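J.: give me coordinates for this.
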Amino acid sequence: MLEFIVIRVQKRPFEGGDDACVFGEQAGSSKKRGRHSFAEVSSSVKVDSGLSQAPNMKNVSSSAFETQRQARISYSQIHAARDHQKNFQEIPREISGLKQCYLSNETGLLLNFYQKLSLVQNMTTDERQEALYIAVAQKDSLITRLLLNRGVDINREDISGNRPIHIAASKDGVDVLARLFKKGVDFYALNLDGKTILQIAYESASKQTIQFMKNLYLHKKFIPQSGLDREILAKTMSPSERLSAKYIAIGQNDDQMRIKLLTRGTIN
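T.: Residues are numbered from 1 along each chain as shown. Presented below is the predicted three-dimensional model:
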């Protein structure tokens, strides 16, 4: 009697489509999971005798092999894809309220990566500008990066006359400050009170920001423009840093900085 195999392959597409799995840096791997993770295979087999005599056995075997290959997706990949889909579907329903909460600068608002990305994507230009001041004040490097990549004005003042760099300096947000520096922010800008980044950081006891500014000076990427800035740099430097700074000041013909370093009493 003729032996035959009946194989049913049922595919349920990822409801969110490829885009439902694409989120920033995880786009490549997630996109792959989105296409294949929901292949579900069920098969019923009827076996008798004379299998080798089946005229379409080659096609059946090829189909069975392809079915088995598609069925090799692990359960962990399936669950991961479903989690991505869940996150993607929930965010649009809450995005309006989420923006309102964030722009109100509510404390205790904890957001995951997907929420932050969707939040920034769904903001207007003005909302992103306002969000920049909030992200910098909260030392949120991720949202700051997302906003900077969307062309916010890094030198615009807020209603208090402070630019993002002034806010970062007062909060000791050195990671945010470094991102702003890489984007070409004006490090010499004064706030409404006429204070520099270094002066704000010193008054706020922002030790990491002061160290960041010292490193910029020692790598010749920052030149102090005021006597008070020179005083702060010299006062907060270690003896070895002052020695290096001495040669920098000489090379820049900065006699004021050289005098400030000499008056610290560690260089002869």
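
J.: residue 231: what's it in contact with?
T.: Residue 231 makes contacts with residue 260, as judged by Cβ atoms under 8 Å, 6 or more residues apart in numbering. For glycine as for every other residue, the C-beta is placed from the backbone atoms N, C-alpha and C.

J.: pLDDT below threshold where in the stretch 101-250 of the chain?
T.: Residue ranges of the stretch 101-250 of the chain with pLDDT under 70: 107.

J.: helices of that one, start to end?
T.: 113-121, 125-137, 141-148, 164-171, 174-182, 197-203, 207-218, 227-236, 239-251 (DSSP state H, counting those that start in this stretch).

J.: deepest-packed of the ones you listed, please.
T.: When the helices of the stretch 101-250 of the chain are scored by mean count of other Cβ atoms under 10 Å, the highest mean neighbour count falls to helix 164-171 (a mean of 26).

J.: who touches it?
T.: Applying Cβ under 8 Å, 6+ apart, the external contacts of helix 164-171 come out as 132-133, 136-137, 139, 154, 158, 162, 173-174, 176-177, 180, 185-187, 189, 191, 195, 197-198, 200-201, 204, 206, 209.

J.: likewise for stretch 250-263?
T.: Stretch 250-263 is contacted from outside by 223-224, 227, 230-231, 233-234, 237, 242, 245-246, 248-249, 267, using Cβ under 8 Å, 6+ apart.

J.: could the residues you listed be laid out in TSV, adding distance to residue 100?
T.: TSV is the format used below for the contacts of stretch 250-263 (distance: Cβ to Cβ, whole Å):
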residue	distance to residue 100
223	43
224	42
227	46
230	45
231	45
233	43
234	47
237	46
242	50
245	48
246	54
248	49
249	51
267	56
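
J.: tell me the one among these nearest to residue 121.
T.: Each of those was scored against residue 121 by Cβ to Cβ, and residue 223 proved nearest at 38.8 Å.

J.: any idea how far residue 129 is from that closest one?
T.: Going from residue 223 to residue 129 by Cβ to Cβ, to the nearest Å gives 29 Å.

J.: repeat that for residue 152.
T.: 5 Å.

J.: so what's residue 245 closest to, chain neighbours aside?
T.: Spatial nearest neighbour of residue 245, chain neighbours left out: residue 261 (5.7 Å); criterion: Cβ to Cβ, 6 or more residues apart in numbering.
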